[in-house]
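Trainee: Here's a sequence, model it:
(5 chains)
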Amino acid sequence: MCGRYSLGTELDPVLARFGVEPPAFPWQPRWNIAPGQEVPVVKAADRRVLVAMGWGLTLPWAKPGFHPINLRSETLLAKPAFRELGFNRRCLLPADGFYEWDTDKQPWRFTLPDGELFGLAGVWTQREGRYSCAVLTRPSVGAVAAVHERMPLIVPQQVEEEWLAGTEVEQLLDILRGPAWVPVLERRRVSRRINSARAEGPECALPWEEAMPQDARPPR
DNA sequence: CCAGACGTTGTT
DNA sequence: GTCTGG
DNA sequence: CCAGACGTTGTT
DNA sequence: GTCTGG
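Mentor: Below is the predicted model of the structure:
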């Protein structure tokens, strides 16, 4: 799945890459974005806008404590509770990396080859004036598959506009998971300091080997 | 009809 | 809200 | 996702 | 074990 990601860049590259105006909220490069936190999200309005959303959906009918951070892209449109979000409330979560833990609880970081920015597919809600969002997931492919069964759904730049504003959502979801768009991701094992959601800074992306010796004795 | 669930992952 | 199960 | 807490009363 | 917080 996708329970931690990064956006360790200044604001300007994000504005340029996603074609949005500067947001109303303050900007901080982030290397350890965790569920429950406020995250920058691109959604379509009159134009694209960059707004702050809580990661974890707040739904009008849900009991407190029910805040899905991921939704399966394969079943999204079939689920009564979520299909409306898939059709009408899609968004992108700008990222420059995401983290997955392997079966031995070791964290790995995934990026595009040149550290390029990319968008994670998401859906959003608004409740009492506050936005919230969830990241769509898919079965892992490529470099991720050896680490974890599931990974976030990445929206290639070529289809971002259709993702945000298009109407053929069902087809688009299939295409995004199809062989034409298998993302080329680089992988590296990173320091276990990422485990704590309080950790922050570029050190969160440090290769495991360089984080020795504190990482020399992993748990289990 | 009303009541109850509605998510993911991984682990058992 | 909307669907399923009883 | 992982880490960390998981209780109460009364007093400061 | 299970829930909350980040």
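
Trainee: Near DNA strand E, which residues of chain A? Just list them.
Mentor: Applying CB under 7 Å from any atom of the strand, one finds that chain A approaches DNA strand E through A:4, A:34-37, A:56, A:65, A:197-198. Placement of C-beta: from N, CA and C, glycine included.

Trainee: For the residues you listed, could you give me a markdown table that also reports distance to DNA strand B?
Mentor: Shown next, in a markdown table, are these (distance: CB to the nearest atom of the strand, whole Å):
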| residue | distance to DNA strand B |
| --- | --- |
| A:R4 | 12 |
| A:A34 | 14 |
| A:P35 | 9 |
| A:G36 | 11 |
| A:Q37 | 16 |
| A:G56 | 8 |
| A:G65 | 8 |
| A:A197 | 16 |
| A:R198 | 21 |
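
Trainee: As JSON lines, the residues you listed with pLDDT would be great.
Mentor: Shown next, in JSON lines, are those (pLDDT from 0 to 100):
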{"residue": "A:R4", "pLDDT": "98"}
{"residue": "A:A34", "pLDDT": "97"}
{"residue": "A:P35", "pLDDT": "96"}
{"residue": "A:G36", "pLDDT": "95"}
{"residue": "A:Q37", "pLDDT": "96"}
{"residue": "A:G56", "pLDDT": "96"}
{"residue": "A:G65", "pLDDT": "86"}
{"residue": "A:A197", "pLDDT": "96"}
{"residue": "A:R198", "pLDDT": "96"}
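
Trainee: farthest pair in these?
Mentor: The span of the residues of chain A next to DNA strand E, defined through CB to CB, is set by A:G65 and A:R198 at 21.6 Å.

Trainee: Name the residue in the two with the higher neighbour count.
Mentor: More crowded of A:G65 and A:R198, by other CB atoms under 10 Å: A:R198, with 8 against 5.

Trainee: does the residue nearest the centre of chain A have beta-bridge partners, and which?
Mentor: In chain A, the centroid-proximal residue (CA atoms, centre = their mean) is A:L120; its distance is 4.5 Å. Note on A:L120: beta-bridge partners by DSSP bridges are A:L93, A:I154.

Trainee: pretty sure it is touching A:F98, no?
Mentor: Yes. With contact defined as CB atoms under 8 Å, A:L120 reaches A:F98; the gap is 7.4 Å.

Trainee: Give me the buried positions along stretch A:91-106.
Mentor: Neighbour-count burial for stretch A:91-106, counted by 16 or more other CB atoms under 10 Å, picks out A:91-101, A:106.

Trainee: which SSE is the closest residue to A:F18 other than its chain neighbours in?
Mentor: Distances taken as CB to CB, 6 or more residues apart in numbering put A:V42 closest to A:F18, at 5.0 Å, once the chain neighbours are dropped. For A:V42, the element it lies in under DSSP states H and E is strand A:38-44.

Trainee: For the residue in chain A that DNA strand D sits nearest to, the count of nearby residues, please.
Mentor: Nearest residue of chain A to DNA strand D: A:G3, at 2.0 Å (CB to the nearest atom of the strand). Residues near A:G3, counting by other CB under 10 Å, number 17.
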